[in-house]
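>>> Pasted the sequence and its predicted model underneath.
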Amino acid sequence: MLRFLTAGESHGQALVSWISGIPAGVPVDIEFVNRELHRRQLGYGRGGRQKIEKDQADFLAGVRHGKTIGAPIAIRIENRDWKTWEKALPVEDSDGAEDAQRHLTSPRPGHADLAGALKFNFHDARYVLERASARETAARTAACTLAKLLLREFGVDVLSHVIAVGHAQLEREATWEEIERVCGNLESPLRCVDEAVELRMKAEVDQALRAGDSVGGIFEVVARGVPAGLGSHAQWDEKLDGRLAQAVMSIQAVKAVEIGTGVRNATSYGSEVQDEIRYDSERKRFQRSSNRAGGVEGGITNGQYVVVRGYLKPISTLRRALGSADLKTKEQIKAAYERSDICVVPAAGVVSEAMVAFVVAQAFLEKFGGDSLEETRRNFENYQKQLDEF
Ligand code: EPS
C-alpha cells in the first residue's frame, strides 16, 4: 500500500517526509529529486523566503546503493531560516522568553490562522500558521517524486504548466512538447507555454506587487502514458477522478479542481462533450479524437492523457492588510504581515505534479504492485499482453 505523510513547521528545524510502499529496486535519482525541489522554489512573484532556502533531500532511510529497498523511505529537508527562529520556537520550554516568541494574534483572512486558533484553543496563531504554511509542500514534493521515479520506469511522465495568473489566461490547448519545453526551462518565469500570455501574466504579478496585493491563477497537470484501467467505478473511494481531486484540492490555496474540461462541460450539450471512440489497429489500442474527459471515465483511466487543473486563490498574506480582530483583545485591527509571496501558481503546479504522480502510482501499484520492481514489471507486461490481445 503506497502511503505518505509529512511533518515539519515552516520555521522549524526541518521538514520530514515518509513514503512507504514503493517496491524494492526502483532507481533513485537524487539529482532529479533535488531538481524537483528546486523547481518548486521557482517562479515570478515568489517572496524573500526562497532566497534563504536551498531545498535539498537528505535521504535518511529506505534507499541504499541508489535503489529503494522495499522499506519505508524517510527524507529530511533543512529549513535554513530556522537559525533566525530558534529563539522564537524552541523545543524546550523556556521561561521568560515571551518576547522572543513572535506571537501572531491578528489572524489573516483566508489563512488557517483563526479557524486553527479556535480549534486548538490558542490565543496565538503562530503554531497553526507554522504548520498550515505551504512550506510543507516541499516535503510533499520530495516524497512524491519517488512516485514519479517509479512511474518513469513504466513510461509514465507527469508535467505541469500555468494556464492563468490573475486575468491573463492561455486560451488554447498546449501540446505535450510545449509543456515539456517550459518544464525543462528553469529560467521560465511562470511556466506558461505562450510568451505573449506570459508577459501579461508577469504584468498581473507586478500590478499586485505595487498594490500590496496577491494574485492567484490556474495550473494544469498532464500525465502521459498512464495505462487504461487504473482506479475503479466499483466504489466511491476507488474512483480515480475523486482521488485526484482530493490530492490536488489538499494543496494550500487550491479552491477548485477540474478534470479535463469539466467546468465547460457542465454548460455544453452531450454531443459537444463526449470523446468519440475509434480503434487504432497499428497500436492495437482504442483511441479518441478529443480528451474532454481528461483521461478518466467512470473513475477509471481510459489510456488518454490524465489532465487535472487546479484553481488557486490569491494567497492570504497581504502587504496591504485586510481587517481582522485581535485573538486576545478582540479589537478591530489589521491582519498580520511579515513577508509574503505575491504569486505561487507555478510552484503549486510542481506540487500538483507530485500529488498527481502519487495518486497515479498508488492506483498503478493497486493493479500491478509487486514487492520488487521486477515483479511489478511482470504484472504490468502481462496486462499489456491482455490489452494487445483484447
Ligand atoms: C513557503 C515558505 C513560506 C511562505 C509560503 C510558502 O515562507 P515564509 O512564511 O517564511 O515567508 O513563503 O507560505 C505560504 C504560502 C503560506 O500560506 O504560508 C515555501 O517554501 O513554499
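Yes, it's here.
>>> How about the residues of the stretch 51-200 of the chain by the ligand?
For the stretch 51-200 of the chain, the residues in contact with the ligand under the definition C-beta under 6 Å from any ligand atom are Asp81, Ser133, Ala134, Arg135, Thr137, Ala138. The C-beta positions use only the backbone N, C-alpha and C, and glycine is treated the same way.
>>> Which pLDDT value does the model give the nearest residue to the first one once chain neighbours are set aside?
Spelled out, that is Asp81. Leaving out its chain neighbours, the residue that sits closest to Asp81 by C-beta to C-beta, 6 or more residues apart in numbering is Ile52, at 5.1 Å. Per-residue pLDDT puts Ile52 at 97.
>>> before we move on, what about Asp99?
73.
>>> Based on its surroundings, how many neighbours for it?
Neighbour count for Asp99, taken as other C-beta atoms under 10 Å: 9.
>>> what are the C-alpha coordinates of the longest helix anywhere in the chain, in CSV please?
Of all segments of type helix in the chain, defined using DSSP state H, the longest is helix 345-368. Provided in CSV are the C-alpha atoms of helix 345-368 (Å, rounded to 0.1, in the frame of the first residue of the first chain):
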residue,chain,number,x,y,z
VAL,A,345,0.9,29.4,-9.3
PRO,A,346,3.9,27.8,-10.9
ALA,A,347,5.1,26.4,-7.6
ALA,A,348,1.6,24.9,-6.9
GLY,A,349,1.8,23.3,-10.3
VAL,A,350,5.0,21.5,-9.4
VAL,A,351,3.4,20.3,-6.1
SER,A,352,0.4,19.1,-8.0
GLU,A,353,2.6,17.1,-10.4
ALA,A,354,3.9,15.4,-7.3
MET,A,355,0.4,14.8,-5.9
VAL,A,356,-1.0,13.5,-9.2
ALA,A,357,2.1,11.2,-9.6
PHE,A,358,1.4,9.9,-6.1
VAL,A,359,-2.3,9.1,-6.8
VAL,A,360,-1.5,7.5,-10.2
ALA,A,361,1.3,5.5,-8.7
GLN,A,362,-0.9,4.3,-5.9
ALA,A,363,-3.6,3.1,-8.3
PHE,A,364,-0.8,1.7,-10.5
LEU,A,365,0.5,-0.4,-7.6
GLU,A,366,-3.0,-1.5,-6.6
LYS,A,367,-3.3,-3.1,-10.1
PHE,A,368,0.3,-4.2,-10.8
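>>> Just after it, pick out the following helix or strand.
Beyond helix 345-368 on the C-terminal side, the first helix or strand identified by DSSP states H and E is helix 373-388.
>>> For that following helix, what is the distance to the chain centroid?
Between the centre of helix 373-388 and the centre of its host chain there is 29 Å, according to C-alpha atoms, centre = their mean, to the nearest Å.
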